[in-house]
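*Asks:* Based on what follows, work out the 3D shape:
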Amino acid sequence: MALKAELDAIDWKILKELQDDGRMTNVELARRVGISAPPCLRRVKRLEETGIIRGYRALLNAPALGLDVVAFCLVGLQHQSDAELKAFAEATRRWPLVREAWMVSGDSDFLLHCVASDLASFQSFVIEDLTSTANVDTVRTALTIRQVKADGLVAI
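*Replies:* Reported below is the predicted structural model:
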């Protein structure tokens with residue numbers, strides 16, 4: 001696999017540590033990767049500026065916030081023109097229950113990761129919003145039982 005960025009072993013260590021704990025101080029990060037704080041900060045800034053580090057966020061405990069339903073929706077569109085795909089992608093941005101949306105290949109066109117307070121709210125979203133959206137042909141849903149793995153998105 002060819003890398004799109006030139007990263008050395010220290011950069012990879014920085015990425016791994018920040019993916020595991022994005023709130024650590026620069027001093028702690030530098031200690032963990034074996035360099036002093038000033039060059040560590042310069043490396044992190046470079047990784048941010050080049051877009052390798054896209055941002056930082058808190059990982060919230062959805063059930064503790066009353067969001068007990070996690071589901072996935074496979075959505076098939078009637079037409080897959082560029083304009084139709086873009087229109088549906090834009091619609092996903094307006095739905096608060098949709099936390100992530102992916103355009104996919106195969107029998108479906110989009111995969112939606114949804115989080116809702118309860119089953120009734122999720123069903124309401126599917127019936128009133130999703131299936132009634134222009135150009136939506138099929139919707140298949142999968143309710144989750146429990147999450148069994150939650151690593152960062154990039155294996156380092």
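
*Asks:* thought residue 15 was touching residue 52?
*Replies:* Yes. Residue 15 is within contact range of residue 52, at 7.2 Å (criterion: C-beta atoms under 8 Å). For glycine as for every other residue, the C-beta is placed from the backbone atoms N, C-alpha and C.

*Asks:* what does stretch 23-37 rub up against?
*Replies:* Residues outside stretch 23-37 that contact it (C-beta atoms under 8 Å, 6 or more residues apart in numbering) are 10, 13, 14, 17, 18, 39, 40, 41, 43, 44, 56.

*Asks:* The nearest residue to the first one once chain neighbours are set aside and residue 27, how far apart?
*Replies:* If I follow you right, that is residue 10. Sequence neighbours aside, residue 33 is the residue nearest to residue 10 in space, at 5.7 Å (criterion: C-beta to C-beta, 6 or more residues apart in numbering). Per C-beta to C-beta, to the nearest Å, residue 33 is found 11 Å from residue 27.

*Asks:* Of these two, give the one with the bigger neighbour count.
*Replies:* The neighbour comparison of residue 33 against residue 27 (other C-beta atoms under 10 Å) goes to residue 33, with 20 against 12.

*Asks:* next one: phi and psi at the more buried one?
*Replies:* Taking degrees, to the nearest 10, you get phi -100, psi 0 for the backbone angles of residue 33.
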